[in-house]
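Peer 1: based on what follows, work out the 3D shape:
(2 chains)
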Amino acid sequence: MIRIDSVTKRYPDGTVAVDRLSLEIPDRSITVLVGPSGCGKTTTLRMINRMVEPTEGTILLDGEDVQHQPVTTLRRNMGYVIQNAGLFQHRTIADNIATVPRMLGWGKQRARERAAELMERVGLDASLARRYPYQLSGGQQQRVGVARALAADPPVLLMDEPFSAVDPVVRKGLQDELLRLQDELGKTIVFVTHDIDEAIRLGTMVAVLREGGRLAQYAPPAELLSNPADAFVEDFLGADRGIRRLSFYTSDALELTTDAVVPADAPAERLAAVEAPYLLVTDVDGRPRGWRERGSDGDRLLSYGRPFRPGVDSLRAALDCAVLSPTGWAVAVDADGKVTGVVSQQTIGEAIRAAHTHAEPDAGEDPARGEDEKVAG
Amino acid sequence: MNVLNFVQAFFGDSAHWHGYDGIPSRFLEHVQYTLLALAVAAAVGLPVGLLTGHTGRGGNAIAVVANAARALPSFGLLVLSVLLIGFGLLPVMIPLVVLAVPPILVTTYEAVRTVDPAPVDAARGMGMPEPGILFRVEVPVALPLILSGLRSAAVQIVSTATIGAYVSLGGLGRYVVDGLYQRDYEKVVGGATLVAVLALITLALFWAVGRFAVSPGVRRR
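Peer 2: Below you'll find the model as predicted:
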């Protein structure tokens, strides 16, 4: 565990970058430091590996003061990823990744094998090993940056706005990749960003800092969204935090109905028996084809929008499907894309209210986090 | 008779290829002066440039020294140092070195100072010691610019070493100075041609070194 204990950083000109900050960073999870520019988040990160020395206070790594450790040893045990990756342009991708192992005295062969293993792990094609950084895209370079930080298998990973310089689509891919990697590796990650959505998406715990380097709130993302500590945090979270909070509620408790789901070849009596104003027509495999207005002829179908998967997607995704659907009903499908039922906006609304009541005692539960946005985001 | 005839006559005369005043020995002398002056200038300019560029401190002092040195007239300095020290190799080396240090010092400083700070930060953050950062991160990237500083210094030394002959030094300048004195224009033109050839050879050598020493990742091809 990393423990930041009332740390202050004051520069000679009197500027206070970090002001009596205390944080406990849990092991094997992603802790995000987020805040506007000038809030001291990067300074805080850089004090952990002593790129910046604190004026007051201590930082403990597994109970030991980082000040008491040789700086090179300390840093070699912490992966360090920065914006724009900061790759060595005169070295090949494999050599870039092998930097720390080589510093630690690994043999050439072993370091090269390790580099190849990591390239695969972060989703880089093996053919890129002999290339140089300028031949790679921004997203690929950032993957190399992550691989390089992981090379000596450090228990701690410090990431300073690593995905800020790439476009939104690539950034989302990198975020997914980081969550997947974290599932496999279980590192203690400290992640700095100015993007609150990124913080909520990635963080197990999120520390919101305000100007002058003071801690505004330290909480799991779901709690941040439901109970912002003050006006500053609320403002920083943005307008639609109510909707975003739904990302943390699972959709598996939604009551689905199959009354209005009919196969394309259903007899007329079956159609007439349905009371709902719209019928969801499915094909022979049970996959959705479209909505049919009651009484209209069978050829004209309305789009069914985007379906959601109960249990896998969050309530936010389910609500999004219902809002996008021209009929106001969301379509639920299973892993094979077969319709398991439909659900109305009204029912989703009831489920949201129930989830809110249920969530109050332990707002930290987040069964569906990270999954929903793959469909709904 | 035009210049080409002079050139042909000079190089065609077999007498010019032998003895202490022959082309090979004068050429070798010139090369030796150049290498000596370049080595001394590099020994001064490179370490100071690398250190100031790495720390980012002392840039103003470097600019002042470099501009002052550039403003010095090399011929005047040569005469002055001969008057002060007397004839010999040392008084000729002084202006050559003084002339060669500024381009080496200034370009090395600039080359290292302007290296992208991100890889340097990354290297420091992964626990690379400072000398490692300088020589394994900054210098490889700054190398093309550092070489260009050395190259312009070398070319400048080649051409300036010619005037050493005025104060009785050897080298290719002998042909030019003696030729003028003896009104032997064949010799003047021949000497000047040889100096130009040596300057071109110097350029070619630096180009080859650059091809060999600079990483393809920095050359970007």
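
Peer 1: next, the buried residues of the longest helix seen in chain B.
Peer 2: Secondary structure of chain B per DSSP state H: the longest helix is helix B:23-55. Of the residues in helix B:23-55, B:23, B:26-27, B:29-31, B:33-34, B:36-38, B:40-42, B:44-46, B:48-50, B:52-54 count as buried by neighbour count, 16 or more other C-beta atoms under 10 Å in any protein chain shown. For the C-beta atoms, the positions are set from N, CA and C on the backbone; glycine is no exception.

Peer 1: now the phi/psi pair for A:Trp291, please.
Peer 2: phi -90, psi 140 (degrees, to the nearest 10).

Peer 1: what sits closest to it if chain neighbours are left out?
Peer 2: A:Leu302 (4.2 Å; C-beta to C-beta, 6 or more residues apart in numbering or on different chains).

Peer 1: repeat that for B:Thr193.
Peer 2: In space, B:Thr193 is closest to B:Val7, 5.7 Å off (C-beta to C-beta, 6+ apart).

Peer 1: need the residues of chain B near chain A, please.
Peer 2: B:116, B:118-129, B:132, B:137, B:140-141, B:214-218, B:220 (C-beta under 8 Å from any C-beta of the partner chain).

Peer 1: the closest residue to A:Arg214 other than its chain neighbours and B:Val167, how far apart?
Peer 2: Counting by C-beta to C-beta, 6+ apart, A:Asp19 is the residue found nearest to A:Arg214 once chain neighbours are left out, at 4.9 Å. Between A:Asp19 and B:Val167 the distance is 69 Å, computed by C-beta to C-beta, to the nearest Å.

Peer 1: show me how chain A divides into domains.
Peer 2: A:2-245, A:261-376 (automatic domain parsing).

Peer 1: can you give me the helices in the stretch 201-350 of chain A?
Peer 2: With DSSP state H, counting those that start in this stretch as the criterion, the stretch 201-350 of chain A has helices at A:221-226, A:231-237, A:241-245, A:268-272, A:315-324, A:345-359.

Peer 1: could you tell me the least trusted of these?
Peer 2: Mean pLDDT is lowest for helix A:268-272 among these, at a mean of 76.

Peer 1: can I get it in CSV, CA atoms only?
Peer 2: The C-alpha atoms that make up helix A:268-272 are tabulated as CSV, following Å, rounded to 0.1, in the frame of the first residue of the first chain:
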residue,chain,number,x,y,z
ALA,A,268,-53.0,-13.6,-37.1
GLU,A,269,-54.8,-14.8,-33.9
ARG,A,270,-51.6,-14.6,-32.0
LEU,A,271,-51.0,-11.0,-33.1
ALA,A,272,-54.5,-10.0,-32.3
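
Peer 1: per-residue confidence at the residue nearest to the spatial centre of chain B?
Peer 2: Closest to where the C-alpha atoms of chain B average out (C-alpha atoms, centre = their mean) is B:Ala154, at 1.7 Å. Note on B:Ala154: pLDDT of 97.

Peer 1: for it, give me its contacts.
Peer 2: B:Ala154 sits next to B:Thr34, B:Leu38, B:Ala100, B:Thr202, B:Phe206 when contact means C-beta atoms under 8 Å, 6 or more residues apart in numbering or on different chains.

Peer 1: number of nearby residues for the fourth one?
Peer 2: When you say that, I think you mean B:Thr202. 20 (other C-beta atoms under 10 Å in any protein chain shown).

Peer 1: buried residues in the helix or strand hosting it, which are they?
Peer 2: Assigned by DSSP states H and E, B:Thr202 belongs to helix B:185-213. For helix B:185-213, the neighbour count (16+ other C-beta under 10 Å) marks B:186-195, B:198-199, B:202, B:206 as buried.

Peer 1: how about the contacts made by B:Asn60?
Peer 2: Contacts of B:Asn60 (C-beta under 8 Å, 6+ apart): none.

Peer 1: now the helix or strand harbouring it: buried residues?
Peer 2: Per DSSP H and E, B:Asn60 falls inside helix B:59-71. By neighbour count with 16+ other C-beta under 10 Å, helix B:59-71 contains the buried residues B:Ile62, B:Val65, B:Ala66, B:Ala69.

Peer 1: list the contacts for the residue nearest to A:Trp291?
Peer 2: A:Tyr278, A:Gly290, A:Trp291, A:Arg292, A:Glu293, A:Pro326, A:Thr327.

Peer 1: of all the helices of the stretch 201-350 of chain A, which one is nearest A:Gly337?
Peer 2: With C-beta to C-beta, the closest approach to A:Gly337 among those belongs to helix A:315-324: 13.9 Å.

Peer 1: could you tell me the angle between the closest one and helix A:345-359?
Peer 2: 160 degrees (axes from the mean of the first three to the mean of the last three C-alpha atoms, to 10 degrees).

Peer 1: which residues does helix A:315-324 contact?
Peer 2: With C-beta under 8 Å, 6+ apart, helix A:315-324 has contacts from A:243-244, A:246-247, A:249-251, A:254, A:305-308, A:310, A:328-332, A:343-345, A:348, A:351-352, A:355, A:368, A:372-373, A:375-376.

Peer 1: now, of those, which are buried?
Peer 2: If we count by 16+ other C-beta under 10 Å, these have these buried: A:244, A:246-247, A:249-251, A:254, A:305, A:307-308, A:310, A:329-332, A:343-345, A:348, A:351-352, A:355, A:368, A:372-373, A:375-376.
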